[in-house]
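In: quick one, what's the 3D model for this:
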Amino acid sequence: MASYTRAWRNFKRMQDMTVVVASLIYAAAAVHGLSRLPGGEALVLRWVLLWPAMFLVASLIAPLLIRPVRRGLTRYVWMSFQAGFGQTPGSIVTGLLLLLGAALFIYWQVASVAVTGAYRANVFSAYAAGIGILAAQAVLVRDLERRPEVRALIEER
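Out: Sure thing, here's the model as predicted:
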């Protein structure tokens, strides 16, 4: 088993934790939405679970199967590592604040729909798509560490 640098281990852990935290935020927002959104159970389940599940799967699978998208996202993941994402307290706090901002937006949208009764845009689908992309990035981190040229840069010597 390879021994990776501390920076790489922190980066990899941050990629995984971002997916977990985003998923927990989504789950909490979904429970919140299920109890407050108007229109009956079937409509609410479509908006909170069915459509978002399709967006999550599409945004997870597409970057892994479509080569140009995979190359671009892999390059982005590598540049994120090189920029220090997930390796410093500041970058971790910034990432958490971005997730918190997205969570607050979902809660605001649920409150707006609960008051007006009008479903304008499905923020649950957008957030689920974001989780799918975050999960694809976590998968690509593991792909990167299997590449010999990258492995040479991230292994401790």
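In: past the longest helix along the chain, which element shows up next along the chain?
Out: Counting residues, the longest helix found in the chain (DSSP state H) is helix 6-36. Downstream of helix 6-36, the next assigned helix or strand under DSSP states H and E is helix 41-45.
In: in terms of secondary structure, what does that following helix contact?
Out: helix 6-36 (3 or more C-beta pairs under 8 Å, 6 or more residues apart in numbering; DSSP states H and E). (Glycine included, C-beta is placed from N, CA and C.)
In: how about the longest helix of the chain, which residues are buried there?
Out: Residues 8, 10-12, 14-16, 18-19, 21-23, 25-26, 29-30, 32-33 are the ones in helix 6-36 that count as buried (16 or more other C-beta atoms under 10 Å).
In: same thing with stretch 106-123?
Out: Neighbour-count burial for stretch 106-123 [16+ other C-beta under 10 Å]: 106-107, 109-110, 113, 119, 122-123.
In: show me the two of those that sit farthest apart.
Out: Pairwise distances across those (C-beta to C-beta) peak at 15.5 Å, for the pair Tyr107 and Tyr119.
In: where does the protein have low pLDDT?
Out: Along the chain, segments meeting pLDDT under 70 span 1-2, 157.
In: what segments of it are helices?
Out: 6-36, 41-45, 51-65, 67-83, 89-116, 123-146, 148-154.
In: which residues are in contact with Met14?
Out: 85-87, 91-92, 95 (C-beta atoms under 8 Å, 6 or more residues apart in numbering).
In: now with 7 Å, please.
Out: Met14 makes contact with 85-86, 92, 95 under the criterion C-beta atoms under 7 Å, 6 or more residues apart in numbering.
In: try Phe55
Out: Phe55 touches 125, 128-129, 132, counting by C-beta under 7 Å, 6+ apart.
In: between these, which is nearest Leu73?
Out: Gly132 (11.4 Å).
In: relative to Ala111, how far out is that closest one?
Out: Gly132 sits 25 Å away from Ala111, going by C-beta to C-beta, to the nearest Å.
In: same thing with Arg13?
Out: 34 Å.
In: thinking again about what came up before, go through the buried residues of stretch 106-123 and say which is closest to Leu49.
Out: Asn122 (11.1 Å).
In: wait, doesn't that closest one sit right on Leu49?
Out: No: with contacts counted by C-beta atoms under 7 Å, Asn122 stays clear of Leu49, the gap being 11.1 Å.
In: ok, residues contacting stretch 137-156?
Out: Residues outside stretch 137-156 that contact it (C-beta under 7 Å, 6+ apart): 2-5, 8, 12, 15-16, 19, 64, 73-74, 77-78.
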